[in-house]
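Asks: sequence unknown, structure follows:
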């Protein structure tokens, strides 16, 4: 099976260049693979499936064209779009991926994550993540009026940006001991994740040999895709 992996597009009406690049990618490159894996922060924010506007519906419909053509689509939530729900999945034909999860790709077991769980040095964020992602909290938030959820979402994004300005890049990056722990827990030699916006391939020393950690790039100045048929070598293209 041939697959492609993307993450951290942060799609928003405020960045039409990224949206155009994604739609072009779906028309020209995505159909070359059997499956597309979206590993979080696909949208810049998501306050509920009932908040979809024409921009979001256009993106969702493009994904539906992909699945209607017989391709498989997998969606893993990120720290920006963790509130994506069943309505979006139904509209697009996507299958939900838990974070973390493993897949079998061409005979190899691979670990997929968004990546924020690996940033254990950022204790403040990890506490917030556990709180906001709790099923009871999520269920309560979805019951709130849409207008309130939009205001709350804007406040959370503002607070997140303010918090980042006071943190070092090391704190916001992955903890290497945690990377080793998770890879050995799931008994994999390859880990693919996004979140950090630092596209690269890292060698990971494991007790059973050497592994690799592939960090997907964020779509800002360039678009990034990781195709399995190219030996999991990440490709960069202009928006």
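Replies: Cool, got the structure. Not measured: the values here are computed from a predicted model.

Asks: show me where this protein has helices.
Replies: Using DSSP state H, the helices assigned to the chain run over residues 16-28, 54-68, 86-92, 123-132, 135-143, 146-165, 169-172, 176-185.

Asks: Take these and write them to JSON lines, including mean pLDDT.
Replies: Formatted as JSON lines, these follow (pLDDT from 0 to 100):
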{"stretch": "helix 16-28", "mean pLDDT": "97"}
{"stretch": "helix 54-68", "mean pLDDT": "97"}
{"stretch": "helix 86-92", "mean pLDDT": "96"}
{"stretch": "helix 123-132", "mean pLDDT": "93"}
{"stretch": "helix 135-143", "mean pLDDT": "87"}
{"stretch": "helix 146-165", "mean pLDDT": "76"}
{"stretch": "helix 169-172", "mean pLDDT": "69"}
{"stretch": "helix 176-185", "mean pLDDT": "98"}
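
Asks: now these in a markdown table, with mean neighbour count?
Replies: Every residue, glycine included, has its C-beta placed from N, CA and C. Putting the helices of the chain into a markdown table (neighbours: other Cβ atoms under 10 Å) gives the following:
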| stretch | mean neighbour count |
| --- | --- |
| helix 16-28 | 15 |
| helix 54-68 | 16 |
| helix 86-92 | 16 |
| helix 123-132 | 13 |
| helix 135-143 | 11 |
| helix 146-165 | 12 |
| helix 169-172 | 13 |
| helix 176-185 | 16 |
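
Asks: Among these, which comes closest to residue 75?
Replies: Set against residue 75 and scored by Cβ to Cβ, the helices of the chain come closest in helix 86-92, at 6.7 Å.

Asks: What residues of stretch 66-84 count as buried?
Replies: Of all the residues in stretch 66-84, those buried under the rule 16 or more other Cβ atoms under 10 Å are 66, 71-84.

Asks: wait, what's in contact with the residue most central in space within the chain?
Replies: For the chain, residue 40 is the residue whose C-alpha lies nearest the centre (Cα atoms, centre = their mean; 1.5 Å). When contacts are counted by Cβ atoms under 8 Å, 6 or more residues apart in numbering, residue 40 touches 7-8, 76-81, 99, 114-116, 194-195.
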